[in-house]
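S.K.: Here's my sequence, what's the structure:
(one chain, ligands or ions: 2)
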Amino acid sequence: MVFQAKALSDNLQYVSDSIRVVPGFPKKGIMFQDITTLTRNPKAFKLCIEAFVERYKDQKIDVIAGVEARGFIFGPPLALALGVGFVPLRKPGKLPGETIGAEYQLEYGTDRIEMTVESITNGQNVLIIDDLVATGGTLGAAVQLVEKVGAKVHEAACVIELPELQGRAKLKATNVPLFVLLEKEA
Ligand SMILES: O=P(O)(O)OC[C@H]1O[C@H](OP(=O)(O)OP(=O)(O)O)[C@H](O)[C@@H]1O
Ligand SMILES: Nc1ncnc2[nH]cnc12
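M.R.: Ligands and ions are numbered 1, 2, ... in the order given. All right, here's what the predicted structure looks like:
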C-alpha cells in the first residue's frame with residue numbers, strides 16, 4: 001500500500017509498500033488493508049517485527065496480549081524476541097476456564113473478545129498488539145480486559161492506523177498510549 005509516508009525510514013516504507021489494499025472487501029465502501037501480503041514476504045515481516053523489537057526491547061514488558069485474529073500473527077514473534085509470554089485475547093467461547101469479556105463496535109459490525117482471567121496478573125506491564133486500529137473499539141476492549149485484572153497497559157501497538165475512523169481519539173479516553181508502526185504524516 002502506498003502511504004504518504006514522509007516520516008518512514010526506507011525499511012518501514014518497504015513494510016508499508018508490502019501491504020495490499022483491497023477495495024470493497026468484505027463490504028462495499030471498505031478499503032481493506034490486507035496484511036497477508038506483508039507476512040508472506042519474509043523480508044517485510046522480519047523488518048516489521050524487528051522494528052517492534054527495537055521499540056520495546058528495553059521497556060520492561062512482562063507479557064504481550066494479542067487480539068484475535070491478526071494480533072496472533074504479530075504478537076508471538078515479538079514475544080519470543082523479547083523473551084516474554086503471549087496471551088491470546090479471543091473471540092467468544094474459545095477459551096476454557098474462567099474468562100472475562102468486553103464488547104465493542106467495529107467499522108463493519110459488533111464483536112466481543114475474551115481473556116482467561118488467570119493469564120495476566122495484577123501489576124504486570126502488558127503490551128497489547130493488533131495489526132490495525134480503525135475505530136479503536138477492539139483495542140479499547142483489550143485495554144478494558146487487561147486493566148480489569150489489575151495489570152498496567154504499557155502501550156497498544158499496531159502496524160496500521162485508519163486515521164479517518166478516529167480510533168486514536170477513542171483510545172485517548174483510556175489514557176493508554178497508541179503506537180502505530182506505519183504512522184502517516186499528518
Ligand atoms: O479499530 P477497530 O474498528 O476495532 O478495528 C480493528 C480490528 O478489526 C480487524 O479485525 P476483525 O474484527 O475484522 O477480525 P479478524 O482479525 O478476525 O479478521 C483488525 O484486525 C482489528 O482487530
Ligand atoms: N479497512 C480495514 N482493513 C483491514 N482490517 C480492518 N478492520 C477494520 N477495518 C479494516
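
S.K.: going forward, measure contacts and count neighbours with C-alpha atoms only.
M.R.: Fine.

S.K.: Can you name the next helix or strand after the lengthiest helix in the chain?
M.R.: The longest helix of the chain (DSSP state H) is helix 42-56. Note on helix 42-56: by DSSP states H and E, the next helix or strand toward the C-terminus is strand 63-67.

S.K.: who does that following strand touch, helix- and strand-wise?
M.R.: Counting contacts by 3 or more Cα pairs under 8 Å, 6 or more residues apart in numbering; DSSP states H and E, strand 63-67 packs against helix 71-82, strand 85-89, strand 125-129, helix 137-148.

S.K.: And the ones you listed: which comes nearest residue 39?
M.R.: Closest to residue 39 of the helices and strands packed on strand 63-67 is helix 71-82 (Cα to Cα; 8.3 Å).

S.K.: Tell me the buried residues in stretch 86-106?
M.R.: 86-92, 99-104 (16 or more other Cα atoms under 10 Å).

S.K.: residues contacting the nearest residue to residue 69 once chain neighbours are set aside?
M.R.: Using Cα to Cα, 6 or more residues apart in numbering and skipping residues adjacent in sequence, the residue nearest residue 69 is residue 90, 7.7 Å away. Contact partners of residue 90, counting by Cα atoms under 8 Å, 6 or more residues apart in numbering, are 67-69, 113-115.

S.K.: switch to 6 Å and redo it
M.R.: Contacts for residue 90 (Cα atoms under 6 Å, 6 or more residues apart in numbering) come out as 68, 113-114.

S.K.: Before we move on, what's the pLDDT of it?
M.R.: With respect to pLDDT, residue 90 has a value of 98.
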